[in-house]
Every structure is written in structure tokens, then in C-alpha cells.
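A.B. asks: Got a predicted structure here, sequence first:
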Amino acid sequence: MRNALTIAGKELRSYFVSPIGYVVLTGFLLLGGWFFFNLLSRFNFLLGIYAAMRDPQLQAQLNLNDAVVAPLLHNLSVVLVILVPMITMRAFAEERRSGTYELLMTAPLAIWQIVAGKFLAVLAFLLIMIGLTGVYPAVLFVYGNPELGIVAAGYLGLVLLAVSFATVGLLTSSLTENQIIAAVSCLVTLLLLYIISWPADTAGGALGEFLRYLSITEHFGEMVKGVIDTRDLVYFFSVIALALFLTQRSVESVRWR
């Protein structure tokens with residue numbers, strides 16, 4: 001495990017040696033802040049209208065979780081679809097392009113240690129990135145009363161979503177030496193996982209249910225609502241485990257060529 005942590009530390013430092021880490025963090029926080037500001041402004045606007053109407057039932061329907069937190073998390077998930085391929089595209093592809101891949105393969109390291117090290121580095125970077133957005137719900141807790149359980153479940157869903165995206169990115173990066181191809185392949189795959197449930201209503205029946213189960217947004221949406229179901233957790237962990245397994249097999253195939 002020490003070798004995996006050594007690789008993870010090296011990879012994590014590389015994100016901050018190059019500009020890409022700072023650009024991704026800055027872009028993610030700027031977009032998150034813009035979404036948060038607009039959603040909060042809209043919430044205050046609707047609150048003023050409902051207060052003027054003097055209808056307690058309408059005011060009771062308006063809450064921070066549904067009007068601000070849930071849309072914010074859904075918007076951040078869309079941003080992750082775009083940014084995660086940029087974060088993961090160089091994980092293995094850069095090693096191949098620069099010629100250090102052969103050195104890594106001939107080092108006294110197990111394949112799982114190499115994959116685990118790369119994965120832990122991306123995981124740490126994503127946790128930093130998502131953790132910095134915690135300032136937005138913190139503002140709501142200071143000046144409002146969102147439900148802690150729903151916010152926590154939503155952020156857990158966002159972390160699992162991001163980690164699932166990252167493992168797909170590691171897989172596509174392990175298949176090519178071209179970073180652009182790795183990024184585009186990851187983006188297309190993530191978009192497919194994001195929109196695969198769109199024809200579910202017209203398909204109906206077992207096929208519709210199958211498409212909904214494959215859709216990552218269906219499971220993420222339930223957690224944003226505050227529902228932590230074992231079915232959703234099994235889905236996310238299955239995606240992560242399958243992508244990491246395929247990544248290991250992809251990297252291992254290079255050693256035996």
C-alpha cells in the first residue's frame with residue numbers, strides 16, 4: 001500500500017505543478033458560485049412574492065433544499081461531466097506519450113498499486129474540489145435553515161458521482177497515449193451515462209426500467225432528494241469497481257505485449 005500512496009502523492013503534486021489543477025479548481029468554484037448566487041437570488045425573489053400574497057401554504061412549499069441546494073448540486077454534476085475528463089486525461093496517456101510508461105511497468109510495482117495510486121490522487125483532488133464548494137451550504141446554514149440530512153445525502157451523491165466519472169476517465173486514459181482522445185472518449189461515455197434514461201418513458205416496461213437503472217442521474221437524483229437507498233449505493237460502487245477492474249486489465253495488457 002505504501003507504493004500506491006507514493007504514486008498518489010506524486011500524481012497529486014503534479015496537478016498543482018502544472019496550471020491545469022488551478023484552472024480546474026478556479027473554474028469549478030466560479031461556476032458553482034455563479035449558480036449559487038443566481039439560485040439564491042431567485043429564492044429571495046420568490047419568497048418576496050409569496051410573502052406579498054400572504055398565502056402560508058405557498059410559503060411552506062418554498063424551501064432552501066428544493067429551491068437552492070438541489071438545483072446547485074445538479075448544476076455542479078453537469079460541470080463535472082466536462083471537467084473530470086480534463087482531470088483524468090493525462091493519468092496514463094501522458095505516461096505513454098512521454099515514454100515513462102515503460103519505466104513504470106518495469107518497476108517493482110504490482111499493477112493494482114499503479115492503478116490504486118492514480119485513483120487515490122484523482123480522488124483526493126476531487127474531494128478538495130467538492131469540499132471547497134461546502135462554503136455555499138455553509139452560508140445557507142448561517143442565514144437560513146436547510147435540512148442537514150438532505151444536504152449531506154446530496155453531497156454524498158455528488159462525491160460518488162464524481163468518483164464514478166473519475167474511474168471512467170482513468171479507464172479511457174489507459175487505452176490511449178493521446179490525451180485529447182482520452183478526454184473526448186471519457187466525455188462521450190459520461191454523457192451517455194447522463195442521458196441514457198431519456199427514452200425510458202417511451203420505451204416503457206422492462207426496457208424503460210433497465211435504462212433508468214443504467215442512468216447515473218437517476219441514482220444521483222434520488223440522493224439529492226435526501227434518499228440514501230442501497231440500490232443507488234450498489235450502482236455507484238459497481239460502476240467504480242468495474243471501471244477500476246477494466247483499467248487494471250488494460251494496464252496489465254501493456255506489460256505482456
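C.D. replies: Sure thing, it's come through. All values derive from a computational prediction rather than experimental measurement.

A.B. asks: Quick check, Gly27 in contact with Leu83.
C.D. replies: Yes. Using Cβ atoms under 8 Å, Gly27 is in contact with Leu83, at 6.9 Å. Just so you know, the C-beta spots here come from the backbone N, C-alpha and C atoms, and that holds for glycine as well.

A.B. asks: Could you list the low-pLDDT ranges of this structure?
C.D. replies: 50-51, 54-61, 97-108, 254-257 (pLDDT under 70).

A.B. asks: which one's the longest helix in it?
C.D. replies: helix 19-53 (DSSP state H).

A.B. asks: residues of that helix that come out buried?
C.D. replies: If you call a residue buried by 16 or more other Cβ atoms under 10 Å, then helix 19-53 has these buried ones: 21, 24-25, 28, 31-32, 35-36, 39-40, 43, 50.

A.B. asks: Ok, stretch 179-197 next?
C.D. replies: 179, 182-183, 185-187, 189-190, 193-194, 196-197.

A.B. asks: Which stretches in the stretch 1-150 of the chain count as helices?
C.D. replies: Counting by DSSP state H, counting those that start in this stretch, the stretch 1-150 of the chain has helices at residues 2-17, 19-53, 56-61, 64, 70-88, 93-98, 101-106, 111-132, 135-143, 148-174.

A.B. asks: JSON lines for those helices, including distance to Glu218?
C.D. replies: Below are the helices of the stretch 1-150 of the chain laid out as JSON lines (distance: least, Cβ to Cβ, whole Å):
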{"stretch": "helix 2-17", "distance to Glu218": "31"}
{"stretch": "helix 19-53", "distance to Glu218": "22"}
{"stretch": "helix 56-61", "distance to Glu218": "24"}
{"stretch": "helix 64", "distance to Glu218": "24"}
{"stretch": "helix 70-88", "distance to Glu218": "12"}
{"stretch": "helix 93-98", "distance to Glu218": "31"}
{"stretch": "helix 101-106", "distance to Glu218": "37"}
{"stretch": "helix 111-132", "distance to Glu218": "21"}
{"stretch": "helix 135-143", "distance to Glu218": "23"}
{"stretch": "helix 148-174", "distance to Glu218": "11"}
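
A.B. asks: most packed of the ones you listed?
C.D. replies: Most buried of the helices of the stretch 1-150 of the chain, by mean neighbour count (mean count of other Cβ atoms under 10 Å): helix 148-174, with a mean of 23.

A.B. asks: Which strands and helices lie in contact with that one?
C.D. replies: Applying 3 or more Cβ pairs under 8 Å, 6 or more residues apart in numbering; DSSP states H and E, one finds that helix 148-174 contacts helix 70-88, helix 111-132, helix 135-143, helix 179-195, helix 216-224, helix 230-255.

A.B. asks: how about those in CSV, adding distance to Leu171?
C.D. replies: What follows is those, written out as CSV (distance: least, Cβ to Cβ, whole Å):
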stretch, distance to Leu171
helix 70-88, 9
helix 111-132, 10
helix 135-143, 31
helix 179-195, 8
helix 216-224, 15
helix 230-255, 5
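
A.B. asks: Which one of these lies nearest to Ala153?
C.D. replies: Closest to Ala153 of the helices and strands packed on helix 148-174, according to Cβ to Cβ: helix 216-224, at 5.2 Å.

A.B. asks: just the CA coordinates of the closest one, formatted as PDB?
C.D. replies: The C-alpha trace of helix 216-224 is given here as PDB (Å, rounded to 0.1, in the frame of the first residue of the first chain):
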ATOM      1  CA  ILE A 216     -26.300   7.800 -13.300                       C
ATOM      2  CA  THR A 217     -28.600  10.800 -13.000                       C
ATOM      3  CA  GLU A 218     -31.500   8.700 -11.800                       C
ATOM      4  CA  HIS A 219     -29.500   7.400  -8.800                       C
ATOM      5  CA  PHE A 220     -27.900  10.800  -8.200                       C
ATOM      6  CA  GLY A 221     -31.200  12.500  -8.200                       C
ATOM      7  CA  GLU A 222     -32.600  10.200  -5.500                       C
ATOM      8  CA  MET A 223     -29.700  11.100  -3.200                       C
ATOM      9  CA  VAL A 224     -30.100  14.800  -3.900                       C
END
